[in-house]
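*Asks:* output the structure for:
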Amino acid sequence: MEKLIGTSGFSYEDWYGYFYPKSIRKSEFLSFYSKHFRTTEVNSTYYRIPSPKVVEGMRKKVKGNFVFSVKANQVFTHVRDFGEKDVEAMKDVLKAFGDTLGVLLFQFPHSFHKSERAKDYVKKLRDIFYDYDLAFEFRSVEWISDDTFYLLEKLDSCFVCVDEPRIHGLIPPVFVVTTKKFAYIRFHGRNAEKWYNHEKPEERYDYLYSSDELSEWKEKINSAGEFEKIFIYFNNHPRVQAVINAKMMEKLLEL
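*Replies:* Numbers count the residues shown, from 1 in each chain. Prediction:
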(Lines give C-alpha, C1' and ligand atoms only; values in the text may rest on other atoms or scores of the structure.)
Protein backbone atom coordinates (compact mmCIF):
# COMPACT_ATOMS: atom_id res chain seq x y z
CA MET A 1 0.00 0.00 0.00
CA GLU A 2 1.31 3.43 -0.96
CA LYS A 3 0.73 5.99 1.80
CA LEU A 4 0.48 9.67 0.91
CA ILE A 5 0.16 12.01 3.88
CA GLY A 6 -0.06 15.80 3.81
CA THR A 7 -2.14 18.81 4.74
CA SER A 8 -5.32 20.34 3.35
CA GLY A 9 -3.84 23.46 1.84
CA PHE A 10 -0.34 24.78 2.39
CA SER A 11 -0.50 28.57 2.00
CA TYR A 12 -1.28 29.74 5.52
CA GLU A 13 0.13 33.01 6.85
CA ASP A 14 0.23 31.74 10.45
CA TRP A 15 2.70 29.01 9.42
CA TYR A 16 5.37 31.69 9.03
CA GLY A 17 8.09 31.25 11.60
CA TYR A 18 6.79 27.85 12.70
CA PHE A 19 6.95 25.77 9.53
CA TYR A 20 7.96 28.26 6.85
CA PRO A 21 11.14 30.26 7.53
CA LYS A 22 10.55 33.99 7.81
CA SER A 23 13.24 34.47 5.19
CA ILE A 24 11.18 33.03 2.31
CA ARG A 25 8.42 34.63 0.25
CA LYS A 26 4.88 33.27 0.05
CA SER A 27 5.57 32.28 -3.56
CA GLU A 28 8.18 29.85 -2.20
CA PHE A 29 5.83 28.10 0.23
CA LEU A 30 4.96 25.21 -2.09
CA SER A 31 8.56 24.49 -3.00
CA PHE A 32 9.49 24.40 0.70
CA TYR A 33 6.43 22.31 1.57
CA SER A 34 7.26 19.71 -1.11
CA LYS A 35 10.58 19.02 0.61
CA HIS A 36 8.68 17.80 3.67
CA PHE A 37 5.59 16.14 2.20
CA ARG A 38 4.75 14.20 -0.97
CA THR A 39 1.21 15.47 -1.32
CA THR A 40 -1.19 18.31 -0.57
CA GLU A 41 -4.88 18.92 -1.01
CA VAL A 42 -5.57 21.99 -3.15
CA ASN A 43 -8.54 23.70 -1.49
CA SER A 44 -8.35 27.05 -3.33
CA THR A 45 -10.05 25.44 -6.35
CA TYR A 46 -13.24 25.23 -4.28
CA TYR A 47 -13.47 29.03 -4.22
CA ARG A 48 -12.14 29.83 -7.68
CA ILE A 49 -11.10 27.68 -10.62
CA PRO A 50 -7.57 28.78 -11.55
CA SER A 51 -6.17 29.02 -15.04
CA PRO A 52 -4.07 26.12 -16.36
CA LYS A 53 -1.12 28.55 -16.32
CA VAL A 54 -1.37 28.86 -12.54
CA VAL A 55 -1.35 25.06 -12.24
CA GLU A 56 1.70 24.80 -14.47
CA GLY A 57 3.47 27.22 -12.14
CA MET A 58 2.61 25.00 -9.17
CA ARG A 59 3.94 21.90 -10.91
CA LYS A 60 7.29 23.60 -11.53
CA LYS A 61 7.74 24.14 -7.79
CA VAL A 62 7.52 20.47 -6.76
CA LYS A 63 9.53 17.31 -7.29
CA GLY A 64 8.54 14.66 -9.82
CA ASN A 65 6.79 12.28 -7.42
CA PHE A 66 4.63 14.96 -5.77
CA VAL A 67 0.84 14.47 -5.86
CA PHE A 68 -1.92 17.09 -5.81
CA SER A 69 -5.45 16.14 -4.79
CA VAL A 70 -7.91 18.78 -5.95
CA LYS A 71 -11.12 19.96 -4.31
CA ALA A 72 -13.93 20.47 -6.81
CA ASN A 73 -15.32 23.96 -7.15
CA GLN A 74 -18.34 24.85 -5.02
CA VAL A 75 -20.54 25.12 -8.10
CA PHE A 76 -20.51 21.30 -8.20
CA THR A 77 -21.08 20.64 -4.50
CA HIS A 78 -22.80 23.55 -2.78
CA VAL A 79 -24.49 25.50 -5.58
CA ARG A 80 -25.18 22.39 -7.67
CA ASP A 81 -26.20 24.43 -10.67
CA PHE A 82 -23.34 24.23 -13.13
CA GLY A 83 -23.04 24.60 -16.88
CA GLU A 84 -20.80 23.33 -19.63
CA LYS A 85 -18.35 26.20 -19.11
CA ASP A 86 -17.89 25.19 -15.46
CA VAL A 87 -17.19 21.59 -16.46
CA GLU A 88 -14.71 22.65 -19.14
CA ALA A 89 -12.88 24.98 -16.74
CA MET A 90 -12.62 22.27 -14.08
CA LYS A 91 -11.42 19.68 -16.58
CA ASP A 92 -8.84 22.10 -18.02
CA VAL A 93 -7.37 22.48 -14.54
CA LEU A 94 -7.31 18.73 -13.94
CA LYS A 95 -5.57 18.18 -17.27
CA ALA A 96 -3.01 20.84 -16.37
CA PHE A 97 -2.01 18.86 -13.27
CA GLY A 98 -1.14 15.96 -15.56
CA ASP A 99 0.65 13.07 -13.87
CA THR A 100 0.86 15.00 -10.58
CA LEU A 101 -2.93 14.72 -10.13
CA GLY A 102 -4.14 12.40 -7.42
CA VAL A 103 -7.84 12.57 -6.60
CA LEU A 104 -10.71 14.92 -7.40
CA LEU A 105 -12.56 15.56 -4.13
CA PHE A 106 -16.23 16.49 -3.94
CA GLN A 107 -17.06 17.78 -0.46
CA PHE A 108 -20.77 18.23 0.07
CA PRO A 109 -22.36 20.38 2.80
CA HIS A 110 -24.38 18.97 5.70
CA SER A 111 -27.53 20.13 3.88
CA PHE A 112 -26.88 17.60 1.08
CA HIS A 113 -29.17 14.90 2.46
CA LYS A 114 -29.34 11.37 1.16
CA SER A 115 -32.14 10.75 -1.33
CA GLU A 116 -32.59 9.07 -4.69
CA ARG A 117 -32.20 12.48 -6.32
CA ALA A 118 -28.95 13.11 -4.41
CA LYS A 119 -27.61 9.69 -5.39
CA ASP A 120 -28.46 10.40 -9.03
CA TYR A 121 -26.50 13.65 -8.71
CA VAL A 122 -23.45 11.70 -7.49
CA LYS A 123 -23.82 9.39 -10.49
CA LYS A 124 -24.01 12.43 -12.78
CA LEU A 125 -20.69 13.76 -11.44
CA ARG A 126 -19.11 10.34 -11.93
CA ASP A 127 -20.32 10.30 -15.56
CA ILE A 128 -18.99 13.80 -16.22
CA PHE A 129 -15.57 13.26 -14.63
CA TYR A 130 -15.21 9.66 -15.82
CA ASP A 131 -11.48 10.06 -16.57
CA TYR A 132 -10.51 10.75 -12.95
CA ASP A 133 -10.31 9.11 -9.55
CA LEU A 134 -13.15 10.61 -7.51
CA ALA A 135 -13.72 10.87 -3.77
CA PHE A 136 -17.01 11.95 -2.20
CA GLU A 137 -17.21 13.52 1.26
CA PHE A 138 -20.60 13.70 2.89
CA ARG A 139 -21.26 15.64 6.10
CA SER A 140 -24.64 14.19 7.11
CA VAL A 141 -24.72 10.91 9.06
CA GLU A 142 -27.57 9.52 6.95
CA TRP A 143 -25.00 8.75 4.22
CA ILE A 144 -23.46 6.10 6.47
CA SER A 145 -25.37 3.19 5.00
CA ASP A 146 -24.83 0.05 2.94
CA ASP A 147 -26.63 1.51 -0.08
CA THR A 148 -24.22 4.48 -0.10
CA PHE A 149 -21.21 2.20 0.00
CA TYR A 150 -22.70 -0.07 -2.67
CA LEU A 151 -23.37 2.94 -4.92
CA LEU A 152 -19.77 4.15 -4.66
CA GLU A 153 -18.46 0.62 -5.25
CA LYS A 154 -20.48 0.45 -8.48
CA LEU A 155 -19.12 3.87 -9.48
CA ASP A 156 -15.54 2.80 -8.60
CA SER A 157 -15.34 5.90 -6.43
CA CYS A 158 -14.13 6.53 -2.90
CA PHE A 159 -16.10 7.23 0.26
CA VAL A 160 -14.16 9.89 2.17
CA CYS A 161 -13.62 8.89 5.78
CA VAL A 162 -13.47 11.79 8.22
CA ASP A 163 -12.37 12.52 11.73
CA GLU A 164 -14.40 15.40 13.10
CA PRO A 165 -16.21 16.34 16.33
CA ARG A 166 -18.53 13.73 17.82
CA ILE A 167 -21.63 15.84 17.25
CA HIS A 168 -25.06 14.35 16.59
CA GLY A 169 -25.76 14.34 12.86
CA LEU A 170 -22.12 14.44 11.70
CA ILE A 171 -20.26 11.55 10.13
CA PRO A 172 -18.71 9.20 12.75
CA PRO A 173 -15.10 7.96 12.40
CA VAL A 174 -15.73 4.89 10.26
CA PHE A 175 -13.16 3.51 7.84
CA VAL A 176 -14.78 2.21 4.67
CA VAL A 177 -13.03 1.25 1.43
CA THR A 178 -15.31 1.40 -1.62
CA THR A 179 -12.67 1.07 -4.35
CA LYS A 180 -9.54 -1.07 -4.35
CA LYS A 181 -7.69 1.80 -6.02
CA PHE A 182 -7.44 4.01 -2.95
CA ALA A 183 -8.81 5.13 0.41
CA TYR A 184 -9.11 8.74 1.57
CA ILE A 185 -9.18 10.23 5.08
CA ARG A 186 -9.59 13.88 6.11
CA PHE A 187 -8.84 15.04 9.64
CA HIS A 188 -10.86 18.12 10.59
CA GLY A 189 -10.12 18.13 14.31
CA ARG A 190 -12.45 17.44 17.23
CA ASN A 191 -13.18 20.99 18.37
CA ALA A 192 -16.87 20.44 19.12
CA GLU A 193 -17.17 23.71 21.04
CA LYS A 194 -16.21 25.82 18.01
CA TRP A 195 -17.71 23.69 15.22
CA TYR A 196 -20.88 25.73 15.00
CA ASN A 197 -20.12 28.55 17.45
CA HIS A 198 -17.20 30.52 15.99
CA GLU A 199 -16.34 34.01 14.78
CA LYS A 200 -13.91 32.87 12.08
CA PRO A 201 -14.31 29.64 10.04
CA GLU A 202 -10.79 28.45 10.86
CA GLU A 203 -11.67 28.27 14.57
CA ARG A 204 -13.61 25.05 14.03
CA TYR A 205 -10.37 23.37 12.85
CA ASP A 206 -8.30 24.56 15.81
CA TYR A 207 -7.34 21.21 17.30
CA LEU A 208 -4.20 19.14 17.89
CA TYR A 209 -4.61 15.35 17.81
CA SER A 210 -2.85 13.22 20.38
CA SER A 211 -0.84 10.17 19.41
CA ASP A 212 -3.52 7.94 20.95
CA GLU A 213 -6.24 9.56 18.83
CA LEU A 214 -4.27 9.04 15.63
CA SER A 215 -3.47 5.45 16.65
CA GLU A 216 -7.21 4.70 16.50
CA TRP A 217 -6.98 5.22 12.74
CA LYS A 218 -3.83 3.15 12.40
CA GLU A 219 -5.78 0.16 13.68
CA LYS A 220 -8.67 0.85 11.29
CA ILE A 221 -6.31 1.13 8.30
CA ASN A 222 -4.35 -2.01 9.14
CA SER A 223 -7.48 -4.13 9.46
CA ALA A 224 -9.29 -2.85 6.36
CA GLY A 225 -7.97 -5.31 3.78
CA GLU A 226 -6.15 -4.57 0.55
CA PHE A 227 -6.16 -1.38 -1.51
CA GLU A 228 -3.45 0.27 -3.60
CA LYS A 229 -3.09 3.73 -2.00
CA ILE A 230 -4.25 5.78 0.91
CA PHE A 231 -4.47 9.57 0.92
CA ILE A 232 -4.48 11.20 4.36
CA TYR A 233 -4.92 14.95 4.76
CA PHE A 234 -5.00 17.09 7.88
CA ASN A 235 -7.29 20.12 7.79
CA ASN A 236 -6.62 21.27 11.38
CA HIS A 237 -4.39 24.02 10.00
CA PRO A 238 -4.40 26.76 12.69
CA ARG A 239 -0.97 27.19 14.32
CA VAL A 240 0.68 24.49 12.17
CA GLN A 241 -1.24 21.71 13.93
CA ALA A 242 -1.89 20.00 10.58
CA VAL A 243 1.86 19.77 9.94
CA ILE A 244 2.53 18.40 13.42
CA ASN A 245 -0.16 15.74 13.11
CA ALA A 246 0.81 14.78 9.54
CA LYS A 247 4.35 14.11 10.74
CA MET A 248 2.99 12.11 13.69
CA MET A 249 0.89 10.02 11.32
CA GLU A 250 3.91 9.36 9.10
CA LYS A 251 5.69 7.85 12.10
CA LEU A 252 2.64 5.85 13.18
CA LEU A 253 2.29 4.36 9.68
CA GLU A 254 6.05 3.81 9.51
CA LEU A 255 6.78 5.92 6.43
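*Asks:* so where do the strands sit in the chain?
*Replies:* Using DSSP state E, the strands of the chain run over 2-8, 39-42, 67-71, 101-107, 134-137, 158-159, 161-163, 182-187, 229-234.
*Asks:* please name the residues that touch the closest residue to N235 other than its chain neighbours.
*Replies:* Closest residue to N235 apart from its sequence neighbours, by C-beta to C-beta, 6 or more residues apart in numbering: S8 at 3.9 Å. Placement of C-beta: from N, CA and C, glycine included. By C-beta atoms under 8 Å, 6 or more residues apart in numbering, S8 lies in contact with T40, E41, N43, R186, Y233, F234, N235, H237, A242.
*Asks:* pLDDT at the first one, what is it?
*Replies:* At T40, the model reports a pLDDT of 98.
*Asks:* same check, this time on the fifth one
*Replies:* As predicted, Y233 sits at a pLDDT of 98.
*Asks:* how close does the nearest residue to I167 once chain neighbours are set aside sit to E213?
*Replies:* The shortest distance from I167 to any residue other than its chain neighbours is 5.6 Å, reached at A192 (C-beta to C-beta, 6+ apart). Using C-beta to C-beta, to the nearest Å, one gets 14 Å for the distance from A192 to E213.
*Asks:* can you pick the most crowded of the contacts of S8?
*Replies:* F234 (30 neighbours; other C-beta atoms under 10 Å).
*Asks:* so that residue sits right up against K247, yeah?
*Replies:* No - assessed by C-beta atoms under 8 Å, F234 is found out of contact with K247, at 9.7 Å.
*Asks:* so who does F187 touch?
*Replies:* V162, D163, Y209, I232, Y233, F234, N235, N236, A242, N245.
*Asks:* give me that answer again for 6 Å
*Replies:* D163, F234 (C-beta atoms under 6 Å, 6 or more residues apart in numbering).
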